[in-house]
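> Give me a model of this one.
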Amino acid sequence: MSSEDQFDYVIVGAGAAGCVLASRLTEDESSTVVQLEAGPDNKHLYLRIPAGFTKIVGSPKFAWRFQTEPTESLGGRTIGLTQGRVVGGGTSINGMVAVRGQREDYESWAREGAEGWNYAGVLPYFRKLEKMRDASSEVRGNTGEFEIATATLRNPACDAFIEAAAAAGVPKHADYNGEDQESVCYTQQAIKGRFRVSSATSFLSKARKRPNYRLVTEARADKILFEGKRAVGVRYRLPDGSVRTVRARREVILSGGAINTPRLLQISGIGPADWVRALGVDVVADLPVGRNLRDHYLIVMKAKAEGFPSINRIAKGPALWGQIGLWLLNRPSILTMGPAYVSYFIKSNPSLPVPDIQGMFTPGSYRSREGGRSFDDYLGMACGIWQHRPYSVGEVKAQSTDISVQPLIRPNYLADERDHPVVIAAMKFARKMFESPQMAKFKPIETAPGPEVQTDQEWLDYAREVGSTAYHPMGTARIGRVGDPAAVLDPMLRVQGVEGLRVADSSVMPTMPSGNLAVPSMMIGEKGADLIRGRTIPNA
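Prediction:
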């Protein structure tokens, strides 16, 4: 590209939603699209091997290695909040878990002012994007580009865990993305054969072949350009230090995620007026950009056990070469798996209408989650749990117009006391599973937190001491009714108070979905593309 080019649409970010947007907008041959991605292309082999996430999730080459501010509710700890910085975004480096969320999630979006984003309004887009080969319900899609399959690798510890949960009253059915999420089953993964499926491999491959599409990698956007109140382009920087601009004849669309999108808006003049002025930037629009941050707070419990094929052992030495051989033969192998072998969705209180806890069981255990992973030196198993819809809310605030300076990130995990009984119930359920008759054959001995933790206060202290992030930030540029002082966008994803600027990523979510955010973010890309083009799929 030259120092200044023009396209109809400028998309900032090639992540979960951005890749879908690029694919759909370039279907119109009369429209030209340029996409700016801060990271490299998704060519590395570890980005295609499912288990490769253990090698790259903390790599600065492929990820933004953000850090939260010291969190008072966690005793002053900081948390590493890694986000994808590569073509495909988080879908290129995540755990591949495919969860849509519940019907009620999207009904709540509509109640929050996101007209047209209720369950009937989003279901056609979920169905359009997905290809679930063993779909068992009419609400699932089986002709889309994004391949989803139930994990095929079986493990006796996983089978026993499923039976233990079922004995405790959790429905044992295989489609938590159907009408009823409450369940325990092997996890649905973004996978095709032996390879990871990402938003890039599913959608961007089509756009790359079209003459009306241009992808610019390692291009760090640092300013949205305005003429009056209209967004007309983006300024970006390349690794060699050069600064370039690209102009948008129609619209600029931000798809940088719930951390980078609000930062770019703020340093470009859109945000709380006092925050923007503190950056030395003229205020273009006084909006609550960066507010409403929520994230899933992940707590891991571990047990030492015996008599089952633990990943801790088979991921090392000669056994690992055997697993590599199985992968090369396109047979079930630990290389085809993310961290969640079994997924379960439960209620912290039986009186609740829908689950408020998500858990994942794996026949393995790790020493660390930051900057890579190393296995415990014993045969281990683990449960990771989080609260679906946390009350604790935080913020993202740019500290400088220099994009090399990290923004201030305050998720305020566990700050709201209403979250405490939910996470305590989640941990107690995991212990109940370890101690169940169905798991007894493996003789599990809880190592984290350990049997000495008994009271609710001790459980809460453990959660505060060891919990981390599930890497699911959202809500920092939320949709709402026009004129709602808490909303940044209108239901058409347009930034209020300006023209020619939209957002399509997890930051638009008014409330937290009940599950991982990759698939809902792609849905936002699907629906967003239709809103931009003036097309809609009829409600289901």
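
> beta partners for residue 360?
residue 343, residue 384 (DSSP bridges).

> What's the per-residue pLDDT of it here?
Looking at residue 360, its pLDDT is 98.

> Isn't it up against residue 97?
Yes: between residue 360 and residue 97 there is a contact under CB atoms under 8 Å: 7.3 Å. For every residue, glycine as well, the C-beta is placed using N, CA and C.

> joint contacts of those two?
187, 340, 343 (CB atoms under 8 Å, 6 or more residues apart in numbering).

> would CSV of those with pLDDT be doable?
Converted to CSV, the shared contacts of residue 360 and residue 97 look like this (pLDDT from 0 to 100):
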residue, pLDDT
187, 97
340, 94
343, 98
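
> Distance to residue 307 and neighbour count for these - can I get that in a markdown table?
Listed next are these as a markdown table, based on distance: CB to CB, whole Å; neighbours: other CB atoms under 10 Å:
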| residue | distance to residue 307 | neighbour count |
| --- | --- | --- |
| 187 | 23 | 25 |
| 340 | 22 | 23 |
| 343 | 23 | 24 |
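
> So what touches stretch 50-63?
Contacts of stretch 50-63 (CB under 8 Å, 6+ apart): 39-40, 44-47, 65, 80, 82-86, 92-96, 189, 191, 194-196, 334-339, 370-373.

> Can you tell me which of the residues you listed are buried?
39-40, 44, 46-47, 80, 82-86, 92-96, 189, 191, 194-196, 334-339, 373 (16 or more other CB atoms under 10 Å).

> Of these, which belong to helices?
Secondary structure from DSSP state H places none of the buried ones among the contacts of stretch 50-63 in helices.

> Please flag which of these sit within strands.
Counting by DSSP state E, the part of the buried ones among the contacts of stretch 50-63 found in strands is 80, 82, 83, 84, 189, 191, 195, 196.

> mind checking how far residue 104 is from residue 403?
38 Å (CB to CB, to the nearest Å).

> For residue 223, which non-adjacent residue is closest in space?
What sits nearest to residue 223 in space, not counting adjacent residues and going by CB to CB, 6 or more residues apart in numbering, is residue 235, at 4.2 Å.

> Could you pull out the buried residues of the helix or strand hosting that neighbour?
In this assignment (DSSP states H and E), residue 235 forms part of strand 230-237. Neighbour-count burial for strand 230-237, counted by 16+ other CB under 10 Å, picks out 231, 232, 233, 234, 235, 236, 237.

> now the last one: how far from residue 247?
If I follow you right, that is residue 237. From residue 237 to residue 247 the distance is 17 Å (CB to CB).

> what do you get for the first one?
Relative to residue 247, residue 231 is positioned 10 Å away (criterion: CB to CB).

> ok, residue 29 - how many residues close by?
Counted with other CB atoms under 10 Å, residues neighbouring residue 29 total 9.

> Just confirm it contacts residue 212, I think it does.
Yes: contact criterion CB under 8 Å: residue 29 and residue 212 qualify, at 6.1 Å.

> hmm, back to that, considering the ones in strands among the buried ones among the contacts of stretch 50-63, which is situated nearest to residue 291?
Nearest to residue 291 among these: residue 83, at 18.7 Å, using CB to CB.

> The closest one pairs with what?
residue 64.

> which ones are touching it?
Residue 83 touches 63, 64, 66, 89, 90, 257, 259, 260, 471, 473, counting by CB under 8 Å, 6+ apart.

> between those, which has the most around it?
residue 89 (35 neighbours).

> And the pLDDT at it?
What the model reports for residue 89 is a pLDDT of 96.

> Check residue 101 too.
For residue 101, pLDDT reads 97.

> Leaving out chain neighbours, which residue sits closest to it?
With CB to CB, 6+ apart, the residue lying closest to residue 101 is residue 513, at 3.5 Å.

> The stretch 151-300 of the chain: strands as residue ranges?
Counting by DSSP state E, counting those that start in this stretch, the segments of the stretch 151-300 of the chain that form strands are 183-186, 188-189, 191-192, 195-196, 213-216, 220-227, 230-237, 243-254, 270-271, 285-286, 297-304.

> what's the next secondary structure element after the fourth one?
The one in question is strand 195-196. Using DSSP H and E, the helix or strand that follows strand 195-196 towards the C-terminus is helix 199.

> chain center to that following helix, what's the gap?
From the chain centre to the centre of helix 199 is a distance of 12 Å (CA atoms, centre = their mean, to the nearest Å).

> for it, what is the average pLDDT?
97.

> One more: stretch 404-418?
The pLDDT scores in stretch 404-418 average 97.

> and that stretch, which residues are buried?
For stretch 404-418, by 16+ other CB under 10 Å, it's 406, 407, 408, 409, 410, 411, 412, 413, 414, 415.
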